[in-house]
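**Q** Pasting the sequence and the predicted coordinates here, then a few questions.
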Amino acid sequence: MAAPSAPRPPRPRKEPQPLVIPRSAAEEQRLRLERLMRNPEKTVPIPEKLNEWAPRPPPEFVRDVMGSSAGAGSGEFHVYRHLRRREYQRQDFMDAMAEKQRLDEEFQKKLERNKMIAEEQTAKRRRKRQKLKEKKLQAKKNKLEQKKQEKEPDQSQERVSSEDDEEDSKEEEEKEDDAEEPSFVMGRG
């Protein structure tokens, strides 16, 4: 005989949920979200993507070839009609798939063409930007060279003027030296 166990604590009772009838799609979505958010740890079932409908493949071998002509029994016509409908469905499906494939190919070609055009435009704009950048750099170099040339002539002019000043000062010194010596000798004639 099993040992008497301690009495279990009473389970907390869930509050009864009021019955709410959604009046719109938005309200229905809100109610679903509320129900999901009551227990966030619970996993949410996410439905997988449904495969496209595809007709059954045609039978490889048809044993009872029949038509809707005279001589067929009354039940044979309905069998023929279903086979015919299924075949038309299959052909329509194949036509739709071919059209879809053609549209996909056109779309891919259009994407490639647009991509090429965009790349060409980007390359053109890149060349233009690069050209402007090079022009700016060239203009900046020219401006610096002009400033250097302006400074150099000033410096060369200063050098020239300083050389001129030196020559002038030498000439003045020579003149002073000449002034000390008489320009003529007295008594000689």
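**A** Thanks, I have it. Residues are numbered from 1 along each chain as shown.
**Q** do you know how far R127 is from N114?
**A** As for R127, its distance to N114 is 20 Å (criterion: CB to CB, to the nearest Å). The way it works is simple: take the backbone N, C-alpha and C, and place the C-beta from them, glycine included.
**Q** try N39
**A** In terms of CB to CB, N39 sits 48 Å off from N114.
**Q** Give the next helix or strand downstream of whichever strand or helix holds R32.
**A** Using DSSP states H and E, R32 maps to helix 25-38. On the C-terminal side of helix 25-38, the closest following helix or strand by DSSP H and E is helix 74-180.
**Q** just how off-centre is that next one within its chain?
**A** 19 Å (CA atoms, centre = their mean, to the nearest Å).
**Q** by contact count, what packs against that helix?
**A** Secondary-structure packing of helix 74-180 (3 or more CB pairs under 8 Å, 6 or more residues apart in numbering; DSSP states H and E): no helix or strand packs against it.
**Q** ok, V44 touching R35?
**A** No: applying CB atoms under 8 Å as the test, V44 and R35 come out as separate, 10.5 Å apart.
**Q** between the two, which one's more packed in?
**A** More crowded of V44 and R35, by other CB atoms under 10 Å: R35, with 11 against 6.
**Q** which stretches of the protein aren't confidently modelled?
**A** 1-5, 12, 64-72, 153-189 (pLDDT under 70).
**Q** residues touching R84, list them.
**A** With CB atoms under 8 Å, 6 or more residues apart in numbering as the criterion, no residue contacts R84.
**Q** ok, back up a step: for the helix holding R32, what is the distance to the chain centroid?
**A** 35 Å.
**Q** Same check on stretch 10-23?
**A** 49 Å.
**Q** end to end, how far does that stretch reach?
**A** 38 Å (CA to CA, to the nearest Å).
**Q** quick one: contacts of that stretch?
**A** E28, R30, L31.
**Q** The same query, at a cut-off of 7 Å, please.
**A** Contact partners of stretch 10-23, identified using CB atoms under 7 Å, 6 or more residues apart in numbering, comprise E28, L31.
**Q** again with stretch 113-122
**A** In contact with stretch 113-122 (CB under 7 Å, 6+ apart) are no residues whatsoever.
**Q** Please renumber the chain so that the first residue is 522 from this point on.
**A** With the count now opening at 522, the last piece we talked about shows up as stretch 634-643.
**Q** Please identify the buried residues of that stretch?
**A** Across stretch 634-643, burial judged by 16 or more other CB atoms under 10 Å covers no residue at all.
**Q** In CSV, list the C-alpha atoms belonging to it.
**A** Output in CSV follows, covering the C-alpha atoms of stretch 634-643 (Å, rounded to 0.1, in the frame of the first residue of the first chain):
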residue,chain,number,x,y,z
ARG,A,634,19.5,46.0,-68.5
ASN,A,635,18.6,48.4,-65.7
LYS,A,636,21.6,47.3,-63.7
MET,A,637,23.9,47.9,-66.7
ILE,A,638,22.4,51.3,-67.4
ALA,A,639,22.8,52.2,-63.7
GLU,A,640,26.4,51.0,-63.7
GLU,A,641,27.1,53.0,-66.9
GLN,A,642,25.6,56.1,-65.3
THR,A,643,27.5,55.6,-62.1
